[in-house]
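# Predicted coordinates and the sequence they were generated for:
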Amino acid sequence: EYWITKSSRRPMIGFKKTPIRLVLITFLISVVSIILIYVDSLNNEPLAIEEITISRDLSESLTPIKSKQIHTVRKGDSLSVIFEDKQVPLNTAYKIFDFDKNNLLSSIIPGDIMEFNYMGNDLLSIEIIKDDVNSILIKTEDEISIVNIKKEAQTITSFGFGEIRDSFYKSAKDVGIPDSIIMDFAYIFGWDIDFIFDVRKGDKFSVIYETEFSEGEKISSGDIVFAEFTNREKKYIAQRFFDDVQGKQYFNENGENVKKAFLRAPLDFAYISSHFNPNRMHPILHKIKAHNGVDYAAKRNTPVKASGDGVISFIGRQSGYGRTVEIKHGGNIKTLYAHLERFNTKLKVGSKVKQGEIIAFVGDSGQATGPHLHFEFWQGEIRSDPVKVKLPSAKPVNNSQRNEFEDLLALNLNKLNEYNLPKYE
């Protein structure tokens with residue numbers, strides 16, 4: 001027998017019975033809902049999908065667009081090849097060549113710019129730009145035509161003046177004088193003044209110059225009409241004048257040509273690093289050796305100019321001088337340029353050169369401690385000091401135009417007063 005005492009009783013875990021009625025009701029509701037949804041779908045068909053088609057009439061052609069192609073003429077180019085490259089129709093090219101009865105197209109040279117103007121794929125015109133003013137226009141739109149075009153140019157006269165505070169170049173720049181005019185100013189007076197060695201603080205300068213403009217754009221670097229420079233209380237004047245014999249020249253107040261037969265310094269804005277000295281200690285050989293020329297210190301590749309008109313008598317290497325150029329001038333005069341970096345490749349022995357023409361570039365070839373130009377001035381077999389030698393002058397004003405020159409000089413001297421030039425005391 002088993003006995004269950006009071007202390008051994010434990011609570012029993014029980015399960016409730018699920019109501020059958022509730023389950024049936026839920027099932028019936030679900031079935032009815034499904035039937036109602038089905039019936040509704042049969043009575044209400046879904047809306048048809050609407051197709052929208054957007055169309056555009058492309059029968060009309062698009063508006064042609066203007067375009068341009070540029071070609072810079074190079075050495076060896078031919079017009080027929082250029083036309084082919086720019087897809088100029090062969091028939092049009094033939095018409096252009098046939099129309100050019102005056103041979104205008106034969107004047108095309110390397111550096112000219114050709115502009116091919118199109119409307120869509122159709123060539124309208126070809127413009128050959130020669131410079132800022134002149135061009136050749138070839139029209140091809142309807143009938144072929146070839147004409148020279150020259151833009152109207154307006155000349156503006158300007159005035160500048162100042163006093164040397166630092167260098168001439170910086171002082172002129174500070175008062176707004178353009179670079180090209182500064183360089184021309186130094187060149188004009190370069191026969192009498194070395195603008196590095198001779199210029200002093202307090203020296204004065206004034207200049208009247210012309211600049212050309214076309215369609216609002218500057219088309220020239222400017223041209224000096226009148227210039228004046230006071231150096232150590234000595235006044236120098238240069239008046240531009242078109243001489244019937246010599247062409248454009250600059251003359252002083254006495255009608256004498258400011259241009260000498262030789263430039264005193266063959267390069268711009270360098271400074272003398274070693275003077276003419278027969279007893280100089282050579283910087284490399286360390287012994288007394290005559291220095292029969294002048295050394296101009298300058299940056300490597302600074303252009304070296306021919307001191308005067310002449311013929312190249314030597315171009316090559318000379319022992320301690322390195323790369324050297326010698327020019328034979330009239331009057332039994334010779335100039336020598338040494339320690340060069342390189343030569344003007346167009347020159348050879350026998351080449352004629354004009355005063356101011358670039359013949360070489362500054363370097364340190366040969367026995368040189370740094371970039372500079374060694375310059376010698378020979379009179380016969382004697383080497384003279386280029387800084388002190390008396391240089392022969394060029395021709396004065398043509399006698400038949402003397403009155404014309406004096407009238408022009410007086411006009412420009414009066415213009416200085418019109419510009420209210422300050423009087424320096």
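Received, thanks.
# From now on I want contacts and neighbour counts done on CA atoms only, so please keep to that.
OK.
# how many other residues sit next to A186?
Using other C-alpha atoms under 10 Å, the number of residues around A186 comes to 18.
# helix/strand/coil for it?
Per DSSP: H, G, I helix; E, B strand; the rest coil, the secondary structure class of A186 is helix.
# Over to G350?
What three-state DSSP gives for G350 is coil.
# ok, for it, nearest residue in space, not its chain neighbours?
Once flanking residues are discounted, G350 sits nearest to I312: 5.2 Å by C-alpha to C-alpha, 6 or more residues apart in numbering.
# Okay, D244 and G160: tell me how far apart.
29 Å (C-alpha to C-alpha, to the nearest Å).
# of these two, who's got more company?
G160 (17 against 11).
# in this structure, what spans have low per-residue confidence?
Residues of the chain meeting the criterion pLDDT under 70: 1-18, 41-50, 55-61, 269-291, 393, 420-425.
# buried sites along stretch 116-134?
Judged by neighbour count (16 or more other C-alpha atoms under 10 Å), stretch 116-134 contains these buried residues: 116-118, 122-130, 133.
# which two from these end up farthest apart in space?
Farthest pair in those (C-alpha to C-alpha) is D122 and V133. Separation: 27.3 Å.
# any idea which residue sits dead centre in the protein?
Most central in the chain under C-alpha atoms, centre = their mean is S221, positioned 11.5 Å from the mean C-alpha point.
# List the contacts of that residue.
Each residue near S221 by C-alpha atoms under 8 Å, 6 or more residues apart in numbering is listed here: S180, I181, T211, E212.
# can you tell me how far it sits from E215?
S221 is 16 Å from E215, by C-alpha to C-alpha.
# One more: K173?
In terms of C-alpha to C-alpha, K173 sits 26 Å off from E215.
# Comparing the two, which residue is more hemmed in?
Each of K173 and E215 has its neighbours counted (other C-alpha under 10 Å); K173 has more, 15 against 11.
# Isn't the more buried one up against S180?
No: counting by C-alpha atoms under 8 Å, K173 sits too far from S180 to count as a contact (10.6 Å).
# Apart from its chain neighbours, what residue comes closest to D131?
That would be D112: by C-alpha to C-alpha, 6+ apart, it lies 7.7 Å from D131.
# can you check F262 too?
Closest to F262 by C-alpha to C-alpha, 6+ apart is G308, at 4.5 Å.
# OK, contacts around the nearest residue to V397 once chain neighbours are set aside?
The shortest distance from V397 to any non-neighbouring residue, by C-alpha to C-alpha, 6+ apart, is to G255 (5.4 Å). Shown in contact with G255 (C-alpha under 8 Å, 6+ apart): P396, V397, R402, F405.
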